[in-house]
Every structure is written in C-alpha cells, then in structure tokens.
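[1] no letters, just coordinates:
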C-alpha cells in the first residue's frame, strides 16, 4: 500500500508537469519559480534541521564501538574500531561516509528447521547496492555541473570522459546513469520482496526511491530517446545558476518533467530520511572518541546534591542513640 501511494504521488507529479507545460504553457512556473522555490526550501530546511540537531543535548559519552578500547600500554587497542583521539574518529568517519563501513557488517538472520534454529549470515548485497547508488548519484551530480558553469571545470570533463569510456552508442552511454537506475531499483525491490523489510517500510521510504527512479528514467529518455535542444537547456540552467533566469523556446516537455521531479526531491529532502546525509556527521555515536578510561566524562546536567553523611548523622543523634542503646562509633 505504501509503495502504491508513493508511486501514485510521483505519477501525479509527472502529470502535473506534463499538463502545466503541454496544456497550459506555464514555462515560467516550471522553469523558474518552482526550481528557485525548491532550492530555497532545500537550503533553509537543511540549515534548520542541522541547527536543531546541533542544539540537542548530548549529556553522555556514547560512541558505538566494536573493538578494544585504549587502556593499559601492553593491551593492543583498535584505533579505528574504538578510536581514542580525533584522528581515529576522522578515520572512522571517513570509512563510514565513503565506504559505508557499518553497513558492510550488516548480517541477515533466518529461522531454519521450522524455527528451531536461528542462523546468522553475511549480507553484502545491501552494502553493495547502497555503495553503487550513492557513488553513482554523486558522479551524476558532478557531471551535471556542466549545465551550470561556463567554462566547464576541467574535472567535470575528465569525469564525463571516464564515465563514457565504453563509447557505446551516440551519444556515449554514461555508466553511472545506468548504475544509478539499477541500484535504486534494487533498493526498491528488496523492500518489496523481503518480508521483514516490507513490514517496516512506510510511504516515506518509497517516495524518495520513486522520485529518483523518475529522475533517472526521464534523464535517460532525454539523453537517448526524446532528444531536447541541449543549447537551450544550458541557456536555461545557466540563467538559473546566475540568477538571471531566461526561458528559451523549443525545449522538450521531457526536460520540464525532469526538472520538476528534481525540484520536488529538493523540496522534500529536508523533511525526509534523506537527511541522513548530514545527520551522520552529527551523530554522537560516530563522532565521539572512546576515551572513557582516560578521561572522566561528567554529565553536565548533574546538579549539586546535599549529602548527609553517617558521621554528621551520628553527631546529630549521638545522645539519642546512646539512650536507645544503639552502638555509636564515637563516644
């Protein structure tokens, strides 16, 4: 049900762009106003989310570790699994952000022999799919810088050449576009066909996947099948980037559908689980050093507590304790 609802939302978005451009001719709305509004929502939303997270109190030292903590000199500790200093934390964060280190250790559990046995096994497909999805998405975004810059940065041309090194077809097939579509399709199918994952999946889990599928599909269609005037497309995008919007005539409707889906994803981003992109850097379980055996961490919320020691208690009630026959430590 959640998948159907999200799919329906994306179909409605496509039909809105199609009707707005093809039927009503709202080129300024879909080519200028909505993209600017989406980018503004994205920037403000991300800033507000990060400010909110940064204000969240972290009273306890709670790094997650899976290695030996640094303690006595003759005990070897794990510098990455249980970092004791800043450099170790940076190394662990780099592995987490660039290679999805924790996801690499993801395990699957199965019940066998009619539930008599609980079996744990390696599960690298999610790690591989996530890695392919995120890296191909990053390269696709970098490649699109050619539409927003003039002259085009040299590294964009290099990445573009490497991406199409197979030189299949005209224009050349760009591998990251295909990999992105395959990876996001895999991430969707695992939510549909794995019962445990399907059970915990919500419409909010499916909607970003369908939006990215729509963006990748419309981009591939625009590049290989329904050609658009690329000169006019760059004129429009460059105008948006330089805050001098201009809507040239003759750009195919498929481009406006592509742009509207991207704008929808941008506007939805700060309110979705996609914000894990920024949240991973603010997670205290990741960005704190595990140095509890070297440094005493005191909860800043602790307030002074007035203590009534036994010595003070006996001083106050000594005579009454003697009268009652209760032994005392001082006469």
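    Ah, there it is. What you see is a predicted model, and the numbers here were worked out from it, not measured in a lab.
[2] so how far does stretch 306-315 reach from one end to the other?
    End-to-end distance for stretch 306-315: 17 Å, by Cα to Cα, to the nearest Å.
[3] and that stretch, how far out from the chain middle?
    54 Å (Cα atoms, centre = their mean, to the nearest Å).
[4] tell me the mean pLDDT for it?
    Averaged over stretch 306-315, pLDDT sits at 89.
[5] contact partners of that stretch?
    By Cβ atoms under 8 Å, 6 or more residues apart in numbering, the list of residues contacting stretch 306-315 from outside reads 321, 328, 329, 330. In short, each C-beta sits where N, CA and C put it, glycine included.
[6] can you check stretch 136-143 too?
    155, 156, 159, 160, 163, 174, 176, 177, 179, 180, 183, 212.
[7] re the thing from before, out of the contacts of stretch 306-315, which is most surrounded?
    Ranked by the number of neighbours (other Cβ atoms under 10 Å), the contacts of stretch 306-315 place residue 321 first, at 14 neighbours.
[8] and that one, how close does it get to residue 172?
    The gap separating residue 321 from residue 172 is 94 Å, by Cβ to Cβ, to the nearest Å.
[9] ok, residue 288 next?
    Distance from residue 288 to residue 172, by Cβ to Cβ: 46 Å.
[10] the two - which one has more neighbours?
    When neighbours are counted by other Cβ under 10 Å, residue 288 and residue 172 differ, and residue 288 comes out ahead with 19 against 15.
[11] residues in contact with that one?
    Contacts of residue 288 by Cβ under 8 Å, 6+ apart are 61, 62, 63, 89.
[12] neighbours of the closest residue to residue 30 other than its chain neighbours, how many?
    Of all residues not flanking residue 30 in the chain, residue 256 sits nearest, at 4.9 Å (Cβ to Cβ, 6 or more residues apart in numbering). When neighbours are counted by other Cβ under 10 Å, residue 256 registers 24.
[13] then residue 183?
    23.
[14] all strands for the chain, in order.
    Remark: strands assigned in the chain by DSSP state E are 107-112, 117-122.
[15] and residue 229, how far from residue 325?
    In this view, residue 229 and residue 325 are 104 Å apart by Cβ to Cβ.
[16] can you check residue 22 too?
    For residue 22, the distance to residue 325 (Cβ to Cβ) stands at 100 Å.
[17] show me which of these two is the more surrounded one.
    Set residue 22 next to residue 325 and count neighbours by other Cβ under 10 Å: residue 22 wins out with 12 against 6.
[18] report pLDDT for that one.
    At residue 22, pLDDT is 87.
[19] ok, residue 299 next?
    So, for residue 299, pLDDT stands at 83.
[20] what do you get for residue 204?
    Taking residue 204 on its own, its pLDDT is 91.
[21] quick one: residues contacting it.
    Counted by Cβ under 8 Å, 6+ apart, residue 204 has contacts 272, 273.
[22] what about it, distance to residue 163?
    31 Å.
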